[in-house]
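[1] Pasting the sequence and the predicted model now:
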Amino acid sequence: MEANTTELRYGLESFRKDWRHCAIGSDFLAGTHCSSPQNRELASTAINEMLELAFKAGADASKSWVQTAIERSEMSLSLDLTIKDALIAELNLAIVDFQSSPDGYFERYLGHESPGILFGLSFLAHDLNAKVALTMSIDALHLQVLLPLLPLPEPVWED
Amino acid sequence: MSIRTQDYQAHIDEANCKLILSGSLRLNAAPEYQPISDLMDAACVVAQQGSPAILTLDLTDLRFLNSSGINLLYQFVLKVKKQGGLGLRVLGSNSNAWQPKSLSNMVKFMPTLELVMT
Amino acid sequence: MGGLIAIGRLRVSSEFDDEFYLGLPKSLAPWDAANHVAQFLSAWLEETLKQRQFSVDSLNYVINELMENAIKYAADGRIELAVCVANDALLVSLTHPLLESRAKIYQALAQQVFEADPELLFAEIIERNTDADAGEQTGAGLGLVSLRQNYQAGLAFGFQRQDSSEIVQTTTQVSLPWQ
């Protein structure tokens, strides 16, 4: 693990017991890396979308887990999420659809009664100018999001 | 006299010779507790004017205290005991998870201390 | 120091059904991070703890104490916190680097806390703090003793010297029995 990375790893089963985990996790991780309220909210929004995907896309298997890693550079946040035992078969079509055109995916599902499972990711790309990549292996889904942050002065931590 | 922050409040109820600590108190080591320690000393001065001279320490709304805070409380109890001439009554609440365990020991440090848990 | 020095029985993650892990660089942990991490984990585990009728506030206290010590004393590097649900207990483990000189102090303290009667040691530390200057007060000792005394916690410690360095990876593991 990179020295400046914050990493969370948790069992999918317990994560999926409670929707509030998405908000709790995203607020905490955003707060760890961003001091200005605006960037914190931006980061929390992005992380929340990723955690929601983990919530929806994970299998109910006791040994499944999610690993989230976040690293901050001056002007961007690098977010990585791996879902072990993701529902790969169910996601396959959505992933192909999304990868062919994230903007197209977003516009197709915007305002839709049942937005596609990857709508949250397409929102990050479309509205927050994030770069989003999805890759699959046999039993895991890997998300990478590079989120540009607002050029704001970050308050300095005082001991 | 009082201290009011986002996380905790501390003030002296002079009429009732009472020091009330409430909220969540988890400051960095002992130096950061100095203002509260000073307030505790001031509360003792107030209580010593009373008849009988008893200081009531009201912790019923003190929801969280870290070990530095526990250290401060116990040091205060020891100080009052060593100085003599002042009784101490501590009010706690069983609804604060830390209190039944951490406060019950105080009587061993100062046998004349009155602990009232509600 | 060489190899792993253990005080008490360190339990390993393969024993557990459910594990939560948080790793963060010390540089990202200001003083109040202890509070934030404790509140985060307490909120994250709230449902799990409710099912076991385990006090969320108690977990909050344990994590806050461990994190405070890590933030105060850890050398640069990563602070790693794991919370595991075992059949008999909730386990909280914190691992972080210490400079060798500080690791030796902590190892001696750990041995004392592990072996002593917690009530007697608690009183001893309070008395010692009464006489000491503010800067010398043994915060870490009191926190650990309070875990044994007030939470019936089992404690275990690990000290692993890193090759060719003055850094010792230090683990404090707190075992909180279900009621």
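    Nice, I can see it.

[2] which residues touch B:Ser95?
    By C-beta atoms under 8 Å, 6 or more residues apart in numbering or on different chains, no residues touch B:Ser95. All C-beta spots, glycine's among them, are computed from the backbone N, C-alpha and C.

[3] hang on, it is in a strand, isn't it?
    No. Assessed with DSSP: H, G, I helix; E, B strand; the rest coil, B:Ser95 is coil; it does not lie in a strand.

[4] Contacts only, for the residue lying closest to B:Tyr74 once chain neighbours are set aside.
    Residue nearest to B:Tyr74 in three dimensions, not counting chain neighbours: C:Ile126, with 4.7 Å by C-beta to C-beta, 6 or more residues apart in numbering or on different chains. For C:Ile126, the contact set (C-beta under 8 Å, 6+ apart) comprises B:Asn71, B:Tyr74, B:Gln75, B:Leu78, B:Phe109, C:Leu142.

[5] Among those residues, which lie within helices?
    B:Asn71, B:Tyr74, B:Gln75, B:Leu78, B:Phe109, C:Leu142 (DSSP state H).

[6] and the longest helix for chain A?
    Max-length helix for chain A by DSSP H is helix A:37-57.

[7] gap between it and the chain center?
    5 Å (C-alpha atoms, centre = their mean, to the nearest Å).

[8] and that helix, does that touch chain B?
    No. Counting by C-beta under 8 Å from any C-beta of the partner chain, chain B has no neighbours in helix A:37-57; the shortest distance is 15.3 Å.

[9] So what's the residue count around the residue lying closest to B:Ser2 once chain neighbours are set aside?
    Distance criterion C-beta to C-beta, 6+ apart; nearest residue to B:Ser2, sequence neighbours excluded, is B:His11 at 3.4 Å. For B:His11, the count of nearby residues is 17 (other C-beta atoms under 10 Å in any protein chain shown).

[10] Now B:His11: which helix or strand?
    strand B:8-13 (DSSP states H and E).

[11] The residue nearest the centre of chain A and chain B, how far apart?
    For chain A, the residue nearest the mean C-alpha position is A:Met50 (2.2 Å; C-alpha atoms, centre = their mean). According to C-beta to the nearest C-beta, to the nearest Å, A:Met50 stands 31 Å off from chain B.

[12] With A:Ala133 instead?
    Taking C-beta to the nearest C-beta, one finds A:Ala133 at 40 Å from chain B.

[13] what's the neighbour count on that residue?
    12.

[14] picking up where we left off before, tell me the pLDDT at the residue nearest to B:Tyr74?
    pLDDT, C:Ile126: 88.

[15] Now do the SS call for it.
    helix.

[16] do you know how far it is from chain A?
    With C-beta to the nearest C-beta as the criterion, C:Ile126 and chain A are 26 Å apart.

[17] In space, what's closest to C:Glu19 - neighbours in sequence excluded?
    Among residues not flanking C:Glu19 along the chain, C:Cys84 sits closest, at 4.6 Å (C-beta to C-beta, 6+ apart).

[18] how about low-confidence regions in chain A?
    For chain A, applying pLDDT under 70 flags the ranges A:1-2, A:62, A:154-159.

[19] which bits of it sit near chain C?
    So far as C-beta under 8 Å from any C-beta goes, chain A lies against chain C at A:1, A:3-11, A:13-14, A:17-18, A:20-21, A:24-25, A:28, A:31-33, A:62, A:157-159.

[20] Selecting buried members of those residues in ChimeraX, what would you type?
    Buried subset of the residues of chain A next to chain C, written as a ChimeraX selection, criterion 16 or more other C-beta atoms under 10 Å in any protein chain shown:
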select /A:4,5,6,7,8,9,10,11,13,14,18,21,24,25,28,32,33
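
[21] Run through the helices of the chain in chain order.
    Since no chain was named, I'll use chain A. A:12-15, A:20-33, A:37-57, A:88-100, A:102-109, A:119-127.

[22] I was thinking of chain B, sorry if that wasn't clear
    B:34-48, B:67-83, B:98-104, B:106-109.

[23] about what we covered before: what are the buried residues along the longest helix of chain A?
    A:39-40, A:42-57.

[24] cool, stretch C:3-19 as well?
    Applying 16+ other C-beta under 10 Å to stretch C:3-19 flags C:Ile5, C:Ile7, C:Gly8, C:Arg11, C:Phe16, C:Asp18, C:Glu19 as buried.

[25] now do stretch A:111-122
    A:Pro115, A:Gly116, A:Ile117, A:Leu118, A:Phe119, A:Gly120, A:Leu121, A:Ser122.

[26] List the contacts of the second one.
    With contact taken as C-beta under 8 Å, 6+ apart, A:Gly116 is in contact with A:Ala94, A:Asp97, A:Phe98, A:Tyr105, A:Arg108, A:Tyr109, A:Ser122.

[27] quick one: average pLDDT of stretch B:106-114?
    Mean predicted confidence for stretch B:106-114 is 91.

[28] Neighbours of C:Ser164, how many?
    6.

[29] Mind listing what's buried along the strand ranked longest in chain B?
    Longest strand of chain B, by residue count under DSSP state E: strand B:18-25. Buried residues in strand B:18-25, defined by neighbour count with 16+ other C-beta under 10 Å: B:Lys18, B:Leu19, B:Ile20, B:Leu21, B:Gly23, B:Ser24, B:Leu25.

[30] The residues you listed: which two are farthest apart?
    B:Lys18 and B:Ser24 (20.1 Å; C-beta to C-beta).

[31] who's in contact with the helix-or-strand element of chain B with minimal mean pLDDT?
    When each helix and strand of chain B is scored by mean pLDDT, DSSP states H and E, helix B:98-104 comes last, with a mean of 83. With contact meaning C-beta under 8 Å, 6+ apart, helix B:98-104 is reached by B:59, B:62, B:64-65, B:70, B:90, B:92-94, B:115, B:117, C:57-58, C:61, C:146, C:149-151.

[32] before we move on, back to that, pipe the buried residues of stretch A:111-122 into JSON lines and attach distance to C:Ala116 per row.
    Below are the buried residues of stretch A:111-122 laid out as JSON lines (distance: C-beta to C-beta, whole Å):
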{"residue": "A:Pro115", "distance to C:Ala116": "60"}
{"residue": "A:Gly116", "distance to C:Ala116": "61"}
{"residue": "A:Ile117", "distance to C:Ala116": "56"}
{"residue": "A:Leu118", "distance to C:Ala116": "57"}
{"residue": "A:Phe119", "distance to C:Ala116": "58"}
{"residue": "A:Gly120", "distance to C:Ala116": "53"}
{"residue": "A:Leu121", "distance to C:Ala116": "54"}
{"residue": "A:Ser122", "distance to C:Ala116": "59"}
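
[33] Brilliant, that's me finished.
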